[in-house]
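J.: Provided below for reference: sequence and predicted model.
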Amino acid sequence: MRETTHQPETEELAGVREQVRDALRAMHVDPEGETGSAVVIIADELAVNAVTHARTPFGIVVEPRRDDTGRDVVHIGVTDEAWSVRGPETVTDGRPRMGLQMVRGLSVRWGIETHDRGKTVWAEVRR
């Protein structure tokens, strides 16, 4: 799936999930299977974070890649225009944020990269 751009509105999220499912089908990955479900959940969480915290237009990409060990993975990346970075243990209103902990648990690796456009939060799920 080439990067698609979305507005920071919750109404965009259903369309994001459907695009991710379509991208998985194009990669011959069952969106309802273990890998596909993990990818959809991660993509949704990262998109929700972009809408909720960055509040800027955001792009999402889902594509097949090979990791550093040569294994096939599905790469999910969400890019927004905010440079602020919250880690998985960030506490808001006295409650821990669980979303990035979930991303960490479902992926084989994940990260946050800052760049001139803002930041990209990405994750990889083994196929």
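T.: Received the coordinates, thanks. Remember, it's a predicted structure, so these values are computed and weren't measured experimentally. Numbers count the residues shown, from 1 in each chain.
J.: does Arg65 sit in a helix or strand, and which one?
T.: Assessed by DSSP states H and E, Arg65 sits inside strand 58-66.
J.: Quick check: buried residues in that strand?
T.: When burial is assessed from 16 or more other Cβ atoms under 10 Å, strand 58-66 yields the following buried residues: Phe58, Gly59, Ile60, Val61, Val62. Yep, even glycine has a C-beta here, placed from its N, CA and C like the rest.
J.: For stretch 36-45, what is the distance to the chain centroid?
T.: Stretch 36-45 sits 7 Å away from the centroid of its parent chain (Cα atoms, centre = their mean, to the nearest Å).
J.: How about stretch 14-24?
T.: 12 Å.
J.: And stretch 24-35, by the same measure?
T.: Taking Cα atoms, centre = their mean, the mean C-alpha location of stretch 24-35 is offset from the chain mean by 16 Å.
J.: With stretch 109-117 instead?
T.: Worked out by Cα atoms, centre = their mean, stretch 109-117 lies 11 Å from the chain centre.
J.: Repeat that for stretch 59-77.
T.: The answer for stretch 59-77 is 11 Å, by Cα atoms, centre = their mean.
J.: Contacts for it next, please.
T.: By Cβ atoms under 8 Å, 6 or more residues apart in numbering, the list of residues contacting stretch 59-77 from outside reads 1-6, 16, 19-20, 23-24, 27, 29, 35, 39, 42-43, 46-47, 78-80, 108-109, 120-127.
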